[in-house]
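[1] structure here, sequence nowhere to be found:
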């Protein structure tokens, strides 16, 4: 009887353990579903809902509350996107009208010298306001999730923009060097182009007045696409680095030593690196800067790279190019972000 009781107890214990495991798994399945949905929403968009079926119990109440929260967040982000789109139109239109009226007045052959001087000053102020508004709208857009990401190679963007920036670098007496290896990512091409252009713009502007250079490199390391922009320039204290990425903040004694567009100096809106950081974070990446021992900065942007099977066929390496400041044949045109 003792042996039979022990065997029966063991069988009943195993059966009870298995039944309890199945029951616990069935009871916790809705929580696993909620957790998986929350992770997908965090990685992609806020349009997905849990929509849990089953009896009206505490777990279903939790799922319904989570769905209501997602609905409110989705509406809030949609409202922000609409505001950015509307503000982009409403703020840029009057500035464009002002610029046109000033240019028409300056084209009048009977305009006096004082009127032309005033018109030039007003054009400069209007241009600064346009760049400030454009930077603020880009910053707002960059802080949102990427809605329709597309495959894009950081090497292509960097190669195109370094070519466009060559005239400005030539004017400032700066050599531009590139070492571009494939760095495919999923993202918004326009925002990534703005990110790269802001880095190049700052690297050229805050450089040495003579003998400066800018080095742009791209590549992939450990599943991450890297974009690095290094420049010569004045020494930057390490404790000042975090403040450079805050909106409307710049170093107290910063001067545009190699500014090709404003020979008398001047300061921008202080949005360039904050836009870089917001765009990098919107793409699931990050950015950090390191002071160079002999002056200047090295800025690294890291973004999640495309999976190997998703990459398009591309050469192993884009040839290294060096644009000397003395070269003459270069394309015209260059955007001027802040």
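    Great, that's in hand. All figures in this text were calculated on a predicted structure; none of them were measured in a lab. Numbers count the residues shown, from 1 in each chain.
[2] gap between residue 115 and residue 162?
    40 Å (CB to CB, to the nearest Å). C-betas here are computed from N, CA, C, even on glycine.
[3] can you check residue 304 too?
    According to CB to CB, residue 304 and residue 162 sit 24 Å apart.
[4] more neighbours, the two?
    Neighbour tally, residue 304 and residue 162, criterion other CB atoms under 10 Å: the higher count belongs to residue 162, 22 against 14.
[5] go ahead and confirm that one touches residue 216.
    Yes. Shown here, residue 162 and residue 216 form a contact pair, counting by CB atoms under 8 Å, at 5.7 Å.
[6] what is in contact with the two at once?
    176, 178, 200 (CB atoms under 8 Å, 6 or more residues apart in numbering).
[7] close enough to count as contact, the first one and residue 169?
    Yes. Counting by CB under 8 Å, residue 176 touches residue 169, with 4.9 Å between them.
[8] and residue 230, how many neighbours?
    21.
[9] the stretch of helix or strand it belongs to pairs with which strands?
    Using DSSP states H and E, residue 230 sits in strand 224-231. In the sheet, strand 224-231 lines up against strand 212-221 (antiparallel), strand 297-304 (antiparallel) (DSSP bridges).
[10] so for residue 48, which of those strands sits nearest?
    strand 297-304 (20.3 Å; CB to CB).
[11] how far out from the middle of the chain is the closest one?
    11 Å (CA atoms, centre = their mean, to the nearest Å).
[12] would you mark the buried spots in that strand?
    Buried positions in strand 297-304, judged by neighbour count with 16 or more other CB atoms under 10 Å: 297, 298, 299, 300, 301, 302, 303.
[13] again with stretch 81-101
    Applying 16+ other CB under 10 Å to stretch 81-101 flags 84, 88, 91, 95, 98, 99 as buried.
[14] how far does it sit from its chain's centre?
    23 Å.
[15] equivalent analysis for stretch 178-189, please.
    13 Å.
[16] enumerate the positions of it that are buried.
    178, 179, 180, 181, 182, 183, 184, 185, 186, 187, 188.
[17] can you tell me which two in these are farthest apart?
    Checking the buried residues of stretch 178-189 with CB to CB, the most distant pair is 179 and 188, at 24.8 Å.
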